[in-house]
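Novice: below is the structure, and that's it, no one-letter string:
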């Protein structure tokens with residue numbers, strides 16, 4: 001996104017405080033419909049003189065249509081980037097980043113051909129031109145892995161993600177966005193703000209996102225929604241669908257799912273079409289307590 005009105009336009013569309021975002025900072029945020037249901041969750045940062053909203057490719061078509069609805073009234077251009085995304089992971093990730101960035105400090109740094117963004121202690125996201133990405137990969141002496149491993153760490157760090165199957169379903173707090181500083185409750189109006197504010201100040205939100213882990217019998221297709229059920233006494237009831245999942249080689253898997261936030265921690269779940277599987281809720285790496 002770029003243009004003379006880029007900051008003011010985006011400020012009126014998303015949950016995070018765009019106007020306060022420094023050039024060396026990144027923030028999670030959400031874009032909602034007027035009822036507060038999330039179209040997309042993104043990582044926002046300054047990029048090539050504008051803003052990048054990094055999010056899963058699945059669902060981008062719908063998200064672009066929704067976020068561009070009122071752009072005709074502002075001096076702003078919103079389009080899908082043609083840059084290439086690379087992820088750098090591992091104990092030496094930041095050390096390697098120091099060798100390729102022109103800045104040595106900050107969570108967002110300039111790099112030849114684009115931008116490097118710190119995601120967590122051992123993960124960096126690179127948004128680059130195709131030529132620069134190719135040159136970096138040719139000169140990289142680490143291990144090349146697939147995107148699935150990045151998803152695994154997103155799950156383990158409980159970073160919410162929205163794909164086409166989960167768009168327009170949950171409010172931001174049901175995706176733990178407040179715990180990840182992706183909602184600013186003091187900024188001006190934005191689309192869906194009334195619902196988001198009510199969920200906080202009136203306590204109307206009754207759901208949260210959890211990490212779950214369990215077994216699978218047959219391959220879990222990444223493109224299809226995986227429906228889960230939860231045990232209620234001797235019976236099973238529909239729970240929700242996984243927002244994301246990662247399968248290990250030993251028929252174990254992990255995933256993210258939105259569930260009622262008053263469930264017992266020992267609630268048992270299963271994959272709906274694999275009834276002999278068993279999944280359990282895992283601890284989150286952050287607190288959902290509003291007072292912390």
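Specialist: It's in. All values derive from a computational prediction rather than experimental measurement. Numbering: from 1, shown residues only.

Novice: now do the contacts for the closest residue to residue 5 other than its chain neighbours.
Specialist: Using Cβ to Cβ, 6 or more residues apart in numbering and skipping residues adjacent in sequence, the residue nearest residue 5 is residue 74, 4.0 Å away. Bear in mind the C-beta positions are built from the backbone N, C-alpha and C, glycine included. Applying Cβ atoms under 8 Å, 6 or more residues apart in numbering, we find residue 74 in contact with 3, 5, 8-9.

Novice: ditto for residue 78
Specialist: 1, 64, 67-68, 71.

Novice: quick one: pLDDT of it?
Specialist: Residue 78 carries a pLDDT value of 96.

Novice: what do you get for the one 10 residues further on?
Specialist: As summarised for this prediction, residue 88 has a pLDDT of 96.

Novice: next, give me the two most distant ones among the contacts of residue 74.
Specialist: Farthest pair in these (Cβ to Cβ) is 3 and 8. Separation: 10.0 Å.

Novice: low-scoring pLDDT stretches of the stretch 151-292 of the chain, where are they?
Specialist: Of all residues in the stretch 151-292 of the chain, those with pLDDT under 70 make up the ranges 291-292.

Novice: please redo it, this time with the cut-off set to 50
Specialist: 292 (pLDDT under 50).

Novice: out of the contacts of residue 74, which sit inside helices?
Specialist: In helices, judged by DSSP state H, the following of the contacts of residue 74 are found: 8-9.

Novice: please list only the buried members of the contacts of residue 74.
Specialist: Using 16 or more other Cβ atoms under 10 Å as the burial test, the contacts of residue 74 include 3, 9 as buried.

Novice: CSV for the contacts of residue 74, including distance to residue 275 and pLDDT?
Specialist: Conversion of the contacts of residue 74 to CSV gives the following (distance: Cβ to Cβ, whole Å; pLDDT from 0 to 100):
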residue, distance to residue 275, pLDDT
3, 52, 96
5, 53, 96
8, 52, 96
9, 49, 96
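
Novice: Serialize the contacts of residue 74 to JSON lines and add fields for distance to residue 248.
Specialist: Output for the contacts of residue 74, formatted as JSON lines (distance: Cβ to Cβ, whole Å):
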{"residue": "3", "distance to residue 248": "45"}
{"residue": "5", "distance to residue 248": "47"}
{"residue": "8", "distance to residue 248": "46"}
{"residue": "9", "distance to residue 248": "43"}
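
Novice: list just the nearest of the contacts of residue 74 to residue 50.
Specialist: Nearest to residue 50 among the contacts of residue 74, with distances taken as Cβ to Cβ, is residue 3, at 7.5 Å.

Novice: for that closest one, list the residues it contacts.
Specialist: 9, 50, 74-77.

Novice: which stretches of the stretch 51-200 of the chain form helices?
Specialist: 60-67, 93-100, 130-139, 147-156, 193-201 (DSSP state H, counting those that start in this stretch).

Novice: mean neighbour count and distance to residue 217 added to those, as TSV?
Specialist: Output for the helices of the stretch 51-200 of the chain, formatted as TSV (neighbours: other Cβ atoms under 10 Å; distance: least, Cβ to Cβ, whole Å):
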stretch	mean neighbour count	distance to residue 217
helix 60-67	16	32
helix 93-100	14	35
helix 130-139	13	36
helix 147-156	17	19
helix 193-201	16	37
